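1. what's the 3D shape of this:
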Amino acid sequence: MRRSLARGLILVMAGSFIYALFYLFECKAPHVEASLPSGYLKKGYELPIALSDKKTGLRHVMVKLSQQGRETVLADKKYDSPGLLGIFSGSKTLNDSLLVPIEPLKYGITDGEVNVSVIVSDNSLWGWGKGNITRIEETLVFDSKPPVLTLLSEAHNVERGGSGLILYKLHEENIKSGVRVGDLFFPGHPGLFKNKDIHACLFALDYLQGPGTKIWLTAEDKAGNVTEKKFPHYIRDKAYPTDTLEISETFLERKMPEFDLGEKEGVFQGEENPLLKNFYTSTGI
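-> A predicted model of the protein is given here:
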């Protein structure tokens, strides 16, 4: 009887020991989500990072920039060690999130390729005690120079509610360019001339935009650098005739069922003149 009890106890202890070894030496790396930019690194970028390790917990996270053999550590966070017993309890850190500012100019990064690394380890004894490691790396291009614009056309006379045409030249590829008229943006396009660097942009003013409206030429590259350039123009004022349209309740009751307001259907129910408000919404007045 005693032998059977001792044998059972030994088996239980051996099983627990083996389980502990498998748990302590687990080899699943931490889960890391880092929204690294694609292609270009902008002058100011905040890198969101979400990390987790559901077994032995998080040990260390580091974020760094490197260029031409020179490294700059942006974040270096060590988590409290839970100890061997703590790994089996709830004293370990299972989840965390970081928002790491990346400011290349502040750290002396020059134009060219730059490597961004996120390195996360857990409390596993795997890898001679170093733990499982997740490494995310991205090689990006840092470009601090704004695009260059050359204005080609000279006369830009427009009127309230009218349109105008501008010609300009870009000196690099993959540039988003065009004319801003107040809050409106009109993209420019090549193809009008054999020289693909020459772009044309047809822009317009609405009937509310008269003299004093701000108009400028703009260009933005893939790195987020922006060039804004004023150009000579003259806006001629123009008065548009107005008229008053009388809409009866009967007309609205007959016509409004034909309009599909989608999510806004019934929004004005119970308010004063709901049919009229629905008419304004459907026509964009």
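2. pLDDT on stretch 99-106, on average?
-> Across stretch 99-106, pLDDT averages out at 93.
3. From the chain's centroid, how far away is that stretch?
-> Chain-centre distance of stretch 99-106: 15 Å, with C-alpha atoms, centre = their mean, to the nearest Å.
4. Could you list the low-pLDDT ranges of the stretch 1-150 of the chain?
-> 1-25, 82-90, 129 (pLDDT under 70).
5. ok, which stretches of it are strands?
-> 31-34, 40-41, 45-52, 58-67, 70-78, 95-102, 112-122, 133-142, 149-151 (DSSP state E, counting those that start in this stretch).
6. Buried ones in the first one, by neighbour count?
-> Pointing back at strand 31-34 there. Val32, Ala34 (16 or more other C-beta atoms under 10 Å). (C-beta placed from N, C-alpha, C; glycine too.)
7. picking up where we left off before, out of the strands of the stretch 1-150 of the chain, which gets nearest to His189?
-> Comparison of the strands of the stretch 1-150 of the chain against His189 by C-beta to C-beta identifies strand 149-151 as nearest, at 14.9 Å.
8. which neighbours does that closest one have in its sheet, and in what orientation?
-> strand 163-170 (antiparallel) (DSSP bridges).
9. Give the next helix or strand downstream of the partner strand.
-> With elements assigned by DSSP states H and E, the helix or strand that comes after strand 163-170 is strand 176-181.
10. outside of that following strand, which residues touch it?
-> 147, 149, 166, 168, 170, 185-188, 199, 201, 203-205, 209, 213-221 (C-beta atoms under 8 Å, 6 or more residues apart in numbering).
11. and that strand with strand 163-170, angle?
-> Angle between the axes of strand 176-181 and strand 163-170 is 150 degrees (criterion: axes from the mean of the first three to the mean of the last three C-alpha atoms, to 10 degrees).
12. Pull strand 176-181 out as PDB, backbone CA atoms only.
-> Output of strand 176-181 as PDB, limited to C-alpha atoms (Å, rounded to 0.1, in the frame of the first residue of the first chain):
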ATOM      1  CA  LYS A 176       0.800  64.700 -55.700                       C
ATOM      2  CA  SER A 177       0.200  68.200 -57.100                       C
ATOM      3  CA  GLY A 178      -2.500  70.600 -58.000                       C
ATOM      4  CA  VAL A 179      -4.300  73.800 -57.100                       C
ATOM      5  CA  ARG A 180      -6.100  74.600 -53.900                       C
ATOM      6  CA  VAL A 181      -9.000  77.000 -54.000                       C
END
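13. pLDDT of it, averaged?
-> 97.
14. For the helix or strand following that strand, enumerate its sheet partners and note whether each is parallel or antiparallel.
-> Once the chain leaves strand 176-181, the next helix or strand it forms, by DSSP H and E, is strand 184-187. Sheet pairing of strand 184-187 (DSSP bridges) gives strand 176-181 (antiparallel).
15. Please point out which parts of the strand it pairs with sit buried.
-> In strand 176-181, counting by 16+ other C-beta under 10 Å, buried: Ser177, Gly178, Val179, Val181.
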